[in-house]
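S.K.: Take this sequence and fold it.
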Amino acid sequence: MRTSPVAPPRGAFDSATADAGARVRRRLAGLALLLGVLALCTVLSVAVGARGLAPAEVWRGLVAPDGGEAGAIVHGLRLPRTLLGLVVGASLGVAGVLMQSHTRNPIADPSLLGVAYGAACAVVLSVFLLGLGDLSAYVWFAIGGALAASVAVFAIASGGARGPTPMTLLLAGAAMTALLSAITSAVVLLDERSLEVYRFWRVGSLSGRPAEVVYQILPFTAAGAALALAGMRGMNALALGDDVATALGHRVRLIRASGVAAIALLCGAAVAAAGPIGFLGLMAPHAARAVTGPDHRWMVPYAALCGAALILAADVAGRVVRGSGEVEVGIVLAVLGGPFFIALVRRRRLIEL
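M.R.: Numbers count the residues shown, from 1 in each chain. Here you go, the predicted model:
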């Protein structure tokens, strides 16, 4: 005698729906809170510095500049610096999520796939061979070097029958990093001018960058962000394993190719403009994952906001920590980010992706 399957009690569906709704509300509330924190960091970034500005001066300098000192500081120095911080921080935050997910490595950073070293190598070669010395000129070479390094890593990792895998991407990235680092070291040892430019760029900073640099990197960051947003569902499937993702109808090679392209565009543009800023691409994804869990549809926007807020907060801290001087944002993030990241990874549920 055939028996009909027993349907689960109606209360189970209601409970699951209520839990899902509560989870979405918590995540939306978290996004709203992050937006508030980011707005506060943005205001502080414009107002705080060697010459402090009152809120009224900041507002007047933004909406009705009168040609005075406050307006010149806001429009000529701090606003471009703040916009650069927003773009670089959001880019590195999103790129960190993609790198850690594609390589299944919880300590992945912008140097893992050779992106940062490709940009560095292109910078020193442009100075050594072409005599370039202005950031707005060699930023194009830095972006091109980052993209070329990423393409080379993906091509090497795709040599096997199964295409690029987390392990082959890691190995290819390590090999490319070693090669590019050796070339860069050889050039800076041979040419003193290349060494000086490299030292200025390598420390990681938002200061001293021309205002047009933000507009130069925007097309690349926008393209990278679009690829990251388009691949969020595919990344959720890849987290279950390549075989499961294929069974669900996803094209694994295409997802990995678009992910590496997004990493190259986001990291390449950010590193080209501000230099290799450590820890940001590590901290922002882990902070986002602690709230959202492994769902990339939420992790990506969370990491973008976390990265932008972290870099602006570190930049403001670097301006006030020495009084008359200034500490570069890369140094501040290295000092503050190390203990913070150690505390994150010691939490058992954050160690595994």
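
S.K.: Can you list phi and psi of Asp295 for me?
M.R.: phi -80, psi 110 (degrees, to the nearest 10).

S.K.: wait, it sits on Ala237?
M.R.: No - with contact defined as CB atoms under 8 Å, Asp295 does not count as touching Ala237 (11.8 Å). C-beta: built from backbone N, CA, C; applies to glycine.

S.K.: Tell me the buried residues in the longest helix out of those in the chain?
M.R.: Taking DSSP state H as the criterion, the chain has its longest helix at helix 10-47. Residues 27, 30-31, 34, 37-38, 41-47 are the ones in helix 10-47 that count as buried (16 or more other CB atoms under 10 Å).

S.K.: any idea which residue sits dead centre in this protein?
M.R.: For the chain, Leu92 is the residue whose C-alpha lies nearest the centre (CA atoms, centre = their mean; 0.6 Å).

S.K.: need the contact list for Gly281.
M.R.: 92-93, 95-96, 99, 108-110, 267, 307 (CB atoms under 8 Å, 6 or more residues apart in numbering).

S.K.: Setting the sequence-adjacent residues aside, check what's closest to it.
M.R.: Excluding the flanking residues, the one nearest Gly281 by CB to CB, 6 or more residues apart in numbering is Gly96, at 3.4 Å.

S.K.: and if you look at Leu53?
M.R.: Ala47 is the one closest to Leu53 (CB to CB, 6+ apart), at 4.8 Å.

S.K.: and that neighbour, what pLDDT?
M.R.: Confidence at Ala47, expressed as pLDDT, is 83.

S.K.: Could you double-check that it lies in contact with Trp59?
M.R.: No - with contacts counted by CB under 8 Å, Ala47 stays clear of Trp59, the gap being 10.0 Å.

S.K.: residue contacts, Leu206?
M.R.: Here Leu206 is in contact with 81, 84-85, 88, 274, 311, 315, 329 (CB under 8 Å, 6+ apart).

S.K.: Show the backbone phi and psi for it.
M.R.: The phi/psi pair for Leu206 (degrees, to the nearest 10) is phi -100, psi -10.

S.K.: what about Ala186, neighbour count?
M.R.: If you count neighbours by other CB atoms under 10 Å, Ala186 ends up with 12.

S.K.: Which pLDDT value goes with it?
M.R.: 90.

S.K.: separation between it and Ala39?
M.R.: Noted for Ala186: a distance of 46 Å to Ala39, by CB to CB, to the nearest Å.

S.K.: Equivalent analysis for Leu282, please.
M.R.: From Leu282 to Ala39 the distance is 24 Å (CB to CB).

S.K.: between the buried residues of helix 10-47, which is nearest Val74?
M.R.: Val46 (6.1 Å; CB to CB).

S.K.: so who does that closest one touch?
M.R.: 53, 58, 62, 74, 78-79, 82.

S.K.: Kindly reformat these as CSV containing secondary structure.
M.R.: Output for those, formatted as CSV (DSSP: H, G, I helix; E, B strand; the rest coil):
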residue, secondary structure
Leu53, coil
Val58, helix
Leu62, helix
Val74, helix
Arg78, helix
Leu79, helix
Thr82, helix
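
S.K.: Give me the buried entries from those residues.
M.R.: 53, 58, 74, 78-79, 82.

S.K.: Of those, which pair is most distant in space?
M.R.: Across the buried ones among the contacts of Val46 (CB to CB), the longest gap, 12.5 Å, separates Leu53 and Thr82.

S.K.: Contacts only, for the residue nearest to the centre of the chain.
M.R.: So Leu92 contacts 110, 266-267, 270, 277, 280-281, 284, 307, 311 (CB under 8 Å, 6+ apart).

S.K.: what's the burial count for Glu212?
M.R.: Using other CB under 10 Å: Glu212 sits among 12 other residues.

S.K.: residue contacts, the closest residue to it other than its chain neighbours?
M.R.: The shortest distance from Glu212 to any residue other than its chain neighbours is 5.5 Å, reached at Ser136 (CB to CB, 6+ apart). By CB under 8 Å, 6+ apart, the contact set of Ser136 is 210, 212-213, 216.

S.K.: quick one: Ser136 from Val214, how far?
M.R.: Applying CB to CB to Ser136 and Val214 gives a distance of 10 Å.

S.K.: Quickly note the distance from Val58 to Val320.
M.R.: 16 Å.

S.K.: oh sorry, the question was meant for Pro219
M.R.: Distance from Pro219 to Val320, by CB to CB: 34 Å.

S.K.: got it, and Arg25?
M.R.: For Arg25 relative to Val320 (CB to CB), the value is 37 Å.

S.K.: Same check on Phe141?
M.R.: For Phe141, the distance to Val320 - CB to CB - is 34 Å.

S.K.: More neighbours: which of these two?
M.R.: Phe141 (21 against 14).
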